[in-house]
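# Build me a structure from this.
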Amino acid sequence: MDHLLRFFLTQFIRRGAMNFTTAGGGKFSCGDGTGEPVSVRFLTADAERRVLINPELGLGEVYMEGSFVVENGSIADALAILMDQPEILPRWAKLQWWLRYLARRTQQFNPRGRSKNNVARHYDLDGRLYSLFLDADKQYSCAYYETPDATLDEAQLAKKRHLAAKLLIGRGDSVLDIGSGWGGLSLYLAEMTGANVTGVTLSTEQLQVSNARAAEKHLTRSAKFFLEDYRDVAGPFDRVVSVGMFEHVGVDFYETYFRRCAELLTDDGVMLLHSIGRSDGPDVTNPWIAKYIFPGGYIPALSEVIPAIERAGLLVCDIEILRLHYAETLKAWRERFMARRDEAVQLYDERFARMWEFYLASSEMSFRKQNLMNFQILLTKHQGVVPMTRDYITREESRLRGVERDQRPRLQLAGE
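Coordinates of the predicted model:
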């Protein structure tokens with residue numbers, strides 16, 4: 001087994017410096033020796049076999065189980081090397097990739113019932129878990145780092161401001177927030193713009209928190225939350241926004257999604273879609289992520305999204321690509337989680353804490369080292385609905401900053 005492990009890993013790891021210790025006590029090094037060396041150890045021959053047979057699934061599993069350990073550095077350091085190689089996938093894993101690609105539509109098939117179950121698997125975990133690493137407003141999506149030294153809370157506030165500015169929301173406008181999470185964006189829009197916001201989620205835990213926060217802020221008349229699928233919402237709305245939800249739609253439902261959004265928009269309405277995206281074309285969901293973190297989830301390429309928008313009769317007015325913003329967001333989440341890791345163990349167990357650590361680290365390195373980014377697409381039904389140049393976004397952000405300064409205290413979680 002030692003010889004097989006050395007042969008395959010030295011073929012794949014060409015950059016960086018990674019030192020391996022096998023279950024049998026053998027030692028070898030991979031890479032070109034650049035950067036800080038990372039040392040790892042396999043504790044069992046079974047862990048070695050699983051990584052060789054199915055590296056995309058096996059590495060995360062053996063780390064969760066404790067049979068693959070990082071002795072010098074962290075799992076984030078190890079993944080930074082492994083995910084920064086000339087080839088994204090080891091050559092011996094490419095046949096498995098093709099099989100997954102052929103079956104991806106089955107994995108992404110998300111009718112109403114399955115969508116709700118998939119959401120519950122991730123978002124209905126103990127709410128205290130998310131409080132360990134998210135910002136005070138519990139924004140669970142890519143932040144917007146206007147400056148390199150911005151804090152997580154500042155960057156998440158900037159994200160909400162940036163979205164609101166693009167949407168050009170007027171007082172009294174009706175706004176639909178698809179996938180409203182714990183309510184932070186909906187409450188911001190209601191409080192800062194005077195809009196009437198409807199938030200829909202498929203998570204019962206998120207719904208309870210959102211309604212509690214709206215009551216605490218005395219915003220129950222202007223911010224209402226419902227446990228409802230986007231396909232069942234009654235419109236119309238002046239504005240539609242969706243942040244971090246599109247990744248759960250599935251390729252076969254893209255046209256359904258955009259046609260429904262077009263039906264929900266007024267003739268002079270504006271929609272803003274914020275989603276993780278791929279820079280290099282259609283792909284498959286990492287099998288470890290699909291099994292343990294986001295069942296039914298898929299990160300789309302723009303080439304998969306734009307045709308569905310066109311067929312729905314919507315016009316693309318603006319596309320912005322956020323590069324590395326999510327890498328920095330995930331780094332902040334990972335550091336905050338690790339600082340309170342013992343609390344996660346108390347909530348669940350050591351295996352769960354390792355799973356979450358691997359999830360945050362591998363996600364960060366996917367944005368930092370590989371092909372992931374975020375896109376924001378602004379959509380309308382007709383030309384001339386939004387200004388011809390993007391200057392209006394900066395002006396509206398400046399106006400919203402003034403409104404924020406006048407609103408004290410800042411939005412908080414219920415009970416904080």
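
# quick one: low-confidence parts of the stretch 101-250 of the chain?
Where the stretch 101-250 of the chain drops to pLDDT under 70, the residues are 101-124.

# Tell me which stretches of it form helices.
104-107, 112-123, 127-131, 152-167, 184-193, 204-216 (DSSP state H, counting those that start in this stretch).

# from those helices, which stretch is densest packed?
For the helices of the stretch 101-250 of the chain, the largest average neighbour count (mean count of other Cβ atoms under 10 Å) is found in helix 184-193, namely a mean of 26. No exception for glycine: its C-beta is placed from N, CA and C like everyone else's.

# Quick one: residues in contact with it.
Here helix 184-193 makes contact (Cβ atoms under 8 Å, 6 or more residues apart in numbering) with 137-139, 156, 160, 163-164, 169-171, 173, 175, 177, 180, 195-199, 210, 213-214, 217, 219, 222-223, 225, 241, 243, 400, 403-404, 407, 411.

# hmm, try it at 7 Å
Under the criterion Cβ atoms under 7 Å, 6 or more residues apart in numbering, residues 137-139, 160, 163-164, 169, 171, 175, 177, 180, 195, 197, 199, 213-214, 217, 219, 222-223, 243, 400, 403-404, 407, 411 lie in contact with helix 184-193.

# So which of those residues sit within strands?
Among those, DSSP state E puts 175, 177, 197, 199, 223, 243 in strands.

# CSV for those, including neighbour count and distance to residue 23?
Formatted as CSV, those follow (neighbours: other Cβ atoms under 10 Å; distance: Cβ to Cβ, whole Å):
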residue, neighbour count, distance to residue 23
175, 26, 56
177, 29, 50
197, 29, 55
199, 30, 50
223, 27, 55
243, 25, 44
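
# For residue 9, state which of those is nearest.
Distance to residue 9 across these (Cβ to Cβ) is lowest for residue 243, with 39.0 Å.

# pretty sure the closest one contacts residue 274?
Yes - between residue 243 and residue 274 there is a contact under Cβ atoms under 7 Å: 4.3 Å.

# Find residues that contact each of these two.
The contact lists of residue 243 and residue 274 share 141, 163, where a contact means Cβ under 7 Å, 6+ apart.

# Quick check: the gap between residue 363 and residue 15.
Counting by Cβ to Cβ, to the nearest Å, the gap from residue 363 to residue 15 is 21 Å.

# do residue 257 as well
Applying Cβ to Cβ, the value for residue 257 to residue 15 is 39 Å.

# before we move on, what about residue 61?
Taken as Cβ to Cβ, the span from residue 61 to residue 15 is 25 Å.

# Show me which of the two is the more surrounded one.
Higher neighbour count among residue 61 and residue 15: residue 61, with 20 against 16, using other Cβ atoms under 10 Å.

# Just want the angle from the lengthiest strand in the chain to strand 174-178.
In the chain, taking DSSP E as the definition, the longest strand is strand 265-278. Taking axes from the mean of the first three to the mean of the last three Cα atoms, to 10 degrees, strand 265-278 and strand 174-178 form an angle of 30 degrees between their directions.

# Tell me what angle strand 265-278 forms with helix 152-167.
Going by the same axes, to 10 degrees, strand 265-278 makes 140 degrees with helix 152-167.

# Skip ahead from strand 265-278 and say which helix or strand is next.
helix 287-292 (DSSP states H and E).

# Tabulate the CA atom coordinates of that next one in CSV.
Extracted in CSV, the C-alpha atoms of helix 287-292 (Å, rounded to 0.1, in the frame of the first residue of the first chain):
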residue,chain,number,x,y,z
PRO,A,287,-19.5,14.1,-3.6
TRP,A,288,-18.5,14.8,0.0
ILE,A,289,-20.3,18.2,0.0
ALA,A,290,-23.4,16.5,-1.5
LYS,A,291,-23.4,13.7,1.0
TYR,A,292,-22.7,15.6,4.2
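
# List the buried residues of that helix.
Residues of helix 287-292 classed as buried by neighbour count (16 or more other Cβ atoms under 10 Å): 287, 288, 289, 290, 292.

# same deal with stretch 332-349?
Using 16+ other Cβ under 10 Å as the test for burial, stretch 332-349 gives 332, 333, 334, 336, 337, 338, 341, 344.

# Ok, stretch 277-296 next?
By 16+ other Cβ under 10 Å, the buried positions in stretch 277-296 come out as 277-278, 283-290, 292-296.

# which pair in those spans the largest distance?
277 and 292 (22.2 Å).

# Could you list which of the buried residues of stretch 332-349 belong to helices?
Among the buried residues of stretch 332-349, the residues falling in helices (DSSP state H) are 332, 333, 334, 336, 337, 338, 341, 344.

# Format those residues as a markdown table; extra columns: pLDDT.
Shown next, in a markdown table, are those (pLDDT from 0 to 100):
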| residue | pLDDT |
| --- | --- |
| 332 | 98 |
| 333 | 98 |
| 334 | 98 |
| 336 | 97 |
| 337 | 97 |
| 338 | 98 |
| 341 | 97 |
| 344 | 96 |
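
# Adding distance to residue 184, write the residues you listed out as CSV.
Compiled in CSV, those are given as follows (distance: Cβ to Cβ, whole Å):
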residue, distance to residue 184
332, 16
333, 15
334, 20
336, 17
337, 19
338, 24
341, 24
344, 22
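
# of all these, which comes closest to residue 128?
residue 344 (9.0 Å).

# residues touching that closest one, list them.
Per Cβ under 7 Å, 6+ apart, neighbours of residue 344: 129, 132, 337, 352, 353, 356.

# wait, which of those is closest to residue 56?
Using Cβ to Cβ, the contacts of residue 344 come closest to residue 56 at residue 356, 18.4 Å.
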